[in-house]
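Novice: predicted model, plus sequence, below.
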Amino acid sequence: MWTLRAKQRSSRKPISLLLVAQLIFQLIVPAVAVANVPPVADAGPDRTVEEDILVALEGKDNGAVTINNDAKYANSTAVTLNLAAADPEGSPISMRFKNDGGSWSGWGSFASSKSWQLPAIQGTRKVWAQFKDVAGNLSEPISDTIFLDTTAPQRQKITAPRLLSNVTSGRTIRAAWSATDTAPSSGLVYDVQFKLGSNGTWRAWKTGVVTTSGYLKKAVQGRTYFFRSRGRDNAGNVGAWTAPAKTIVPFDQDKLITSRRGFIHTSAAPANRHWLSTVRYSIRRGYHVKYKFTGDSVYLISTLGPDRGEGKVYVDGVYQKTVDTGNARLKYRRVIFSKSWKRAGTHTLMIINLGTQGRSRFDLDGLGVSL
């Protein structure tokens, strides 16, 4: 509440200088404050002259102003000023405003709220308010501040491994995201979603996080995961969702087999080697494995090494190529063949061990299928 100084009244008896001096001395009021007291000529019918002077000298509550209900941030230059002020005698009040460094607006009738336009300058903005009664008495100017941020995050990006076996032997997917927010920024947070399959429904994964990466554990083998992210700031500006990042989680080598001859050997390896820690292999010429799958792309995963040999690849019964898994050093979880189609369909893939002289072993470590 804002208390106005005493208004001048008419038809009062003159007040003696001695009485004024005594009252000032008793109140121990500085001479400077006395100089600011409006002249009081007469005593009113409702109170004494001394009471009038006390009203004129008492401290003032200059009213209150907040921007957007005392919010910390705004994402638009159009704001609402929330106001409080009153004259103890109930007389009408006027009000005016200005932006920091600007000129005062014209006087207008008091209202508890006022639409206001901030200058289009990002960062902390200050608005001033002042009140006036019918006698022309003014309150001290008061102010409030708010942080203006009207720019949505830009340059948004999310990444995830295309084929999970390329980066790990287990079923944990690491995704990373980023965005930029033009300075001065009100602070940047992220929302991240994922879905299973291109026709799946987006699910919330991370909401309002400040971190820029995360790990999705226990991904399902044989499924394709899609990730997307967006940045938003504390002022409420929201960026657009990124284009999805796609991660294929391969099947283990024994899944999807419809027929095989040989390839009876299996081997387990320490962590971070074979996909899901196991591999199936053959050391005999002519042994084969046939897979059946549904998708729009396929990746055959094997091991490279000094004792690994060659094999022929057939898709839908048609010869595709001969692959050579020989290499001077062991390399795990390597894609030795891939093929894609314009649309998803059901296909077969068969690999035949050629039993290469001196390096007849051929490994099958997994089959990546995108759907």
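Specialist: Everything's here; your move. Note that the coordinates shown come from a computational prediction; the quantities given were computed from them, not determined experimentally.

Novice: please make it C-alpha for all contacts and neighbour counts, starting now.
Specialist: Fine.

Novice: enumerate every residue touching Ser213.
Specialist: Contacts for Ser213 (Cα atoms under 8 Å, 6 or more residues apart in numbering) come out as 174-177.

Novice: any idea which of those residues has the most stuff around it?
Specialist: Trp177 (22 neighbours; other Cα atoms under 10 Å).

Novice: now for it: which residues touch it?
Specialist: Contacts for Trp177 (Cα under 8 Å, 6+ apart) come out as 156-159, 212-213, 229.

Novice: same thing with Ala111?
Specialist: Shown in contact with Ala111 (Cα under 8 Å, 6+ apart): Leu83.

Novice: also Tyr73?
Specialist: 146-149, 186, 234-235.

Novice: related to what we said a few turns ago, which among the contacts of Ser213 gets closest to Ser91?
Specialist: Checking the contacts of Ser213 against Ser91 by Cα to Cα gives Trp177 as the nearest, at 59.5 Å.

Novice: quick one: the helix or strand hosting the closest one to chain centroid distance?
Specialist: Per DSSP states H and E, Trp177 falls inside strand 173-180. Distance of strand 173-180 from its chain centroid, counting by Cα atoms, centre = their mean, to the nearest Å, is 12 Å.

Novice: now do the helix or strand following it against strand 173-180, angle only.
Specialist: For strand 173-180, the succeeding helix or strand toward the C-terminus, using DSSP H and E, is strand 188-196. Here the directions of strand 188-196 and strand 173-180 differ by 140 degrees (axes from the mean of the first three to the mean of the last three Cα atoms, to 10 degrees).

Novice: could you number the chain from 698 rather than 1 from now on?
Specialist: New numbering, starting at 698: the last item is strand 885-893.

Novice: pairing partners for Asp930 in the sheet, please.
Specialist: Leu885 (DSSP bridges).

Novice: ok, now which ones touch it?
Specialist: Contacts of Asp930 (Cα under 8 Å, 6+ apart): 849-850, 878, 882-886.

Novice: and Lys1036, how many neighbours?
Specialist: Around Lys1036 there are 12 residues (other Cα under 10 Å).

Novice: just the buried residues out of the contacts of Asp930, in PyMOL syntax.
Specialist: Burial among the contacts of Asp930 is assessed by 16 or more other Cα atoms under 10 Å; the matching PyMOL selection reads:
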select buried, resi 849+850+878+882+883+885+886
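
Novice: could the contacts of Asp930 go into TSV alongside pLDDT?
Specialist: Formatted as TSV, the contacts of Asp930 follow (pLDDT from 0 to 100):
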residue	pLDDT
Ala849	94
Pro850	95
Asp878	91
Ser882	89
Ser883	90
Gly884	91
Leu885	95
Val886	96
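
Novice: switch the contacts of Asp930 over to CSV; also include distance to Tyr996.
Specialist: Shown next, in CSV, are the contacts of Asp930 (distance: Cα to Cα, whole Å):
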residue, distance to Tyr996
Ala849, 39
Pro850, 37
Asp878, 39
Ser882, 44
Ser883, 45
Gly884, 42
Leu885, 38
Val886, 36
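
Novice: from the contacts of Asp930, which is closest to Glu786?
Specialist: Glu786 has its nearest neighbour among these in Ser883, at 43.5 Å by Cα to Cα.
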